[in-house]
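Novice: Structure, please.
(2 chains)
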Amino acid sequence: MNGVEGFMYPNEIGLQWSILIVLYPYITGLVAGAFILASLVRIFRVEAVRPTYRLALLTALSFLLVAPLPLQLHLGHPERSPEMYFTPHSTSAMAMFGYVYLWYLMAVLVFEIWLDYRAEIVHFSKTKKGLVGFIYKVMTLGSTNVSHKALELDEKIGWIVTLIGIPSAFILHGYVGFIFGSIKANPWWNSPLMPVVFIFSAMVSGISAVMLLYMATTKLRGLKIDIACVDTIAMYLFYTFIIDFAVESLDLIHRIYEADESFRSLNFMVHTKLYIPHIVIQIMLGTLTPLILLAITQLFKLPEFVRKRIYVIAGSLIMVGVFAMRWNVVIGGQLFSKSFLGYTTYKLALVTKEGLLAAIALCILPFIFLYALQHFLPPWPEKDNTGVPEATH
Amino acid sequence: MMNRRQILILLPAAAIAWKSVLAGTPEMSPNYKLSEHWWSMLIDITKCIGCGNCVRACSQENNVPDGHFRTWVERYHVNDENMTEPVVISPEGGIHGFPATTDTSDKYFFVPKLCNHCADSPCTQVCPVGATFISPDGVVMVDRTYCLGCAYCVQACPYGCRYIHPELEVADKCDLCYHRITQGLTTACCENCPTGARQLADLKDPKDPIHEFLRTHSVQVLKPQMATGAKVFYNELDGSVH
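Specialist: Alright, predicted model coming up:
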C-alpha cells in the first residue's frame, strides 16, 4: 500500500521534504566551497590558483542567488516568507536563514566582488556607451577614485572581507547542517557532527565545481589550461576530501558501534531502499573512487593529459557523490518511520512545483546567472587590452 | 408537532447552544481564564477497544482532510519473540475499527495517539515564524494565517502527529478541540469514547480526578527519552509501544 513496508505512523506516509530540499544544501554547499577556494588566493596567498579566483567568486554568487529559490518553491505559503525577516522566532534554527543568507550575500560576497572589480567597473563606466555604460555607472556606487592609494585600500578592505567571509561561509553551510543535525526526533539526522560533515562536503563539492568550471571554460575559450593551477586545486581538493572522508567515517562508525534503538531500522534502510544512493553512489562512486583517483595523482608522476582527465573524472564523481549525500540525508531521513517499524517510498514527481523538471531548472539557473555575470564582470585570468589599471593583490 | 409550551422551553436552550457554537475563542468566553488551566489527556490502554469512534468524531468535528489524522489508533500484536519489534497496524488510522482476531495466545492491545501537547515541544521550537505555539493553558496550536507551510515542525515532531493540510498548505494537528474545551466541553474524541479510555484532564484543577489517577496507577508518556514534556499520559503503557 502506497509503497509502505511495515508500520508507518499514518501521517508519515508522504514525504514532506522533496528533491528541492535536497538541492538547497547542495547549492549552498557549492557556494561555501567556491568561496573557500577563492580565499586560498586572498588570505592564504596560494598564487597558483589565482586563475580561478574571480571565477570562484562569480560561481559562488551565481549559486547563492539561486539558493533560496528551492525553499521558496517548497513553501506552502511563499508569500509569507518575509515574516522570517520581520518576526523571526528566536528559538528556530530555520528562522536564522534569512539573516545568514543576507549577511553572506551582501556583506561578504557582493562586497568582495565589488571591491575586486571596482577598477574595471570604473573603467567600463567611462568607456562603455548606452545602457551598459549606465549599468556600470550605477555599479560604481559613485566611487570612481582608482588611484594607486585607493586600490591599495580596496585590497586591504577586501582582505578583511575575505577573512570575515571564511567563518561566514562555514556558518552559512554549517548552519544548514545544524538544521538537520538538531532534530532529535530523527536519528538519521540527529548528530552534532552533521554541521561539520556538511561543511567539509561543501568545501569538496565547491572546489570540484570551480575546478571543473575553470577547465571547461578555458577549453571552450580555446585556451590552454594552467596545469599548475589545477594541480594545486587538486592537491587541496585531495586533502580536504581526506578530512571530509574521515569525519563522515567517524559519524558512520560511531552510529554502527553505538547501535542505539534506531540502528536496526536505519541499517535495514541503508541495505535496502538506500543501498544504491548511499552505498553505491555516495560511498563507492562518489567517495572512494575519486579519493583513490586523486591519491594516484598525488603519489605518482603522471603525464599532464592523464592528470587532467583524472581531475575531470574525480571532480565529476565528487559532484555526483555530494549530491547523493544530500539526497541520502534529506530523502533518506524521511523514508523510515519514527516508530522504527516501517519504511515508505519517495515518489519523485515530474512536472509539479517540486518535481524533477523544477529541480533541473534550478540546477541550470546558476549557470545562466554565471553566463550573464561573466559578461559584465569578466573573470578570466588573462590580461586584456582594455587598459584597465591592474588590480593590486 | 411541538406545542407552544414546548417551544418556549426549548427557545432559551437553543439560544444558549447557538451562543456556544458561535463562541470559538477564549476572548468570546468571558468565564474562561487561560491561566487557570493546563490541559492534558489521560489514555487508559486497558479500556480502549479499538472501535475508532474517537477517530471518526475527531475527523468530523475538525474537518480533518482524508488520509491525515489528528488522532489515530494503533493495534499492537506482541508475543515473546517480537517484544522489541511488534506487529503494528493502523488501517486508515483505525477510523473503521480493526479486523477481529481469534488469536488468544499473543498479546493484542490498542494505543490511541494524538498530539502530546508537549510543554517543551520540539515543533514550536523549530517554527521559523512562531506560527505554532503553546497557549498559556497548555495547548500546542497552529496559527493558520501565519504558517509558512515549511514542514519543519512536521519533521521535528517525534510522534508523527503533524501533517501539512493538503488544501490550506499549512501545518495542521490536534488542538484538543480548543473551541470546545474553552466552552467547558470535553474534546470530540473523549466525548465519543464508549469506554472512557480517553479523558481530558486539567492539571491545574486540583479537583480533577487525574491527580488521584496519576498517584495510584502505572502511568507513562510516549518516548520519554525525547524529554518533550509530553502531557498525554498512558495507563499501562506496554514497553513495546513505539
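Novice: how about residue B:74, secondary structure?
Specialist: Per DSSP: H, G, I helix; E, B strand; the rest coil, the secondary structure class of residue B:74 is strand.
Novice: Would you enumerate the residues in contact with it?
Specialist: A:7, B:88-90, B:94, B:110-113 (CB atoms under 8 Å, 6 or more residues apart in numbering or on different chains). The C-beta positions use only the backbone N, C-alpha and C, and glycine is treated the same way.
Novice: hang on, isn't residue B:182 packed against residue B:32?
Specialist: Yes - using CB atoms under 8 Å, residue B:182 makes contact with residue B:32 at a distance of 4.8 Å.
Novice: Just want to know which of the two has more residues nearby.
Specialist: Each of residue B:182 and residue B:32 has its neighbours counted (other CB atoms under 10 Å in any protein chain shown); residue B:182 has more, 24 against 17.
Novice: give the contact list for residue B:40.
Specialist: Contacts of residue B:40 (CB under 8 Å, 6+ apart): B:117, B:138, B:201-203, B:210, B:231-233.
Novice: of all those, which comes closest to chain A?
Specialist: Among the contacts of residue B:40, residue B:232 lies closest to chain A (CB to the nearest CB), at 14.5 Å.
Novice: neighbours around that closest one, how many?
Specialist: Residues lying near residue B:232 (other CB under 10 Å) number 23.
Novice: backbone phi and psi for it, please?
Specialist: Phi and psi for residue B:232, reported as degrees, to the nearest 10, are phi -100, psi 110.
Novice: got a list of what it touches?
Specialist: Residue B:232 touches B:40-43, B:114-117, B:221-222, counting by CB under 8 Å, 6+ apart.
Novice: ok, what's across the strand from it?
Specialist: With DSSP bridges as the criterion, residue B:232 is bridged to residue B:41.
Novice: Strands of chain B, residue ranges please.
Specialist: B:39-44, B:71-78, B:87-89, B:107-114, B:132-134, B:140-142, B:163-164, B:171-172, B:198-202, B:219-220, B:232-235 (DSSP state E).
Novice: wait, does the third one make contact with chain A?
Specialist: Yes - if you take CB under 8 Å from any CB of the partner chain as the test, strand B:87-89 does meet chain A, through B:87-89.
Novice: So which bits of that strand are buried?
Specialist: Buried residues in strand B:87-89, defined by neighbour count with 16 or more other CB atoms under 10 Å in any protein chain shown: residue B:88.
Novice: for chain B, what are the nearby residues on the stretch 51-200 of chain A?
Specialist: Going by CB under 8 Å from any CB, the residues of the stretch 51-200 of chain A near chain B are A:71, A:74-78, A:80-81, A:83-84, A:87-89, A:91-95, A:97, A:179, A:183-186.
Novice: can you rerun that using 7 Å?
Specialist: A:75-77, A:80-81, A:83-84, A:87-89, A:91-95, A:183-186 (CB under 7 Å from any CB of the partner chain).
Novice: Go through those residues and flag which are in strands.
Specialist: Among these, no member lies in strands (by DSSP E).
Novice: Now the buried members of the residues you listed.
Specialist: Buried among these by 16+ other CB under 10 Å: A:75-77, A:80-81, A:83-84, A:88-89, A:92-95, A:183-186.
Novice: got any ranges where the chain has weak pLDDT?
Specialist: This is for chain A. A:1, A:383-393 (pLDDT under 70).
Novice: I was after chain B.
Specialist: B:1-2, B:8-9, B:12-29.
Novice: Contact residues of it facing chain A?
Specialist: So chain B meets chain A at B:68-69, B:72, B:85, B:88-90, B:93, B:122, B:125-130, B:146-152, B:154-158, B:160-164, B:169-170, B:226, B:242 (CB under 7 Å from any CB).
Novice: In contact with residue A:357, which residues are there?
Specialist: A:350-351 (CB atoms under 7 Å, 6 or more residues apart in numbering or on different chains).
Novice: cool, residue B:151 as well?
Specialist: Here residue B:151 is in contact with A:16-17, B:164 (CB under 7 Å, 6+ apart).
Novice: and residue A:318, how many neighbours?
Specialist: Residue A:318 - counted by other CB under 10 Å - has 29 other residues nearby.
Novice: Residue A:72 reaches residue A:82, doesn't it?
Specialist: No - counting by CB atoms under 7 Å, residue A:72 does not reach residue A:82; the two are 10.9 Å apart.
Novice: and residue A:312, that's in a helix?
Specialist: Yes - assessed by three-state DSSP, residue A:312 belongs to a helix.
Novice: Isn't it up against residue A:216?
Specialist: No - if you go by CB under 7 Å, residue A:312 and residue A:216 don't touch, sitting 8.8 Å apart.
Novice: who has more neighbours, the two?
Specialist: residue A:312 (15 against 12).
Novice: quick revisit: between the residues of strand B:87-89 next to chain A, which is nearest residue A:235?
Specialist: Closest approach to residue A:235 among the residues of strand B:87-89 next to chain A (CB to CB): residue B:88, at 53.3 Å.
Novice: Cheers, nothing more for now.
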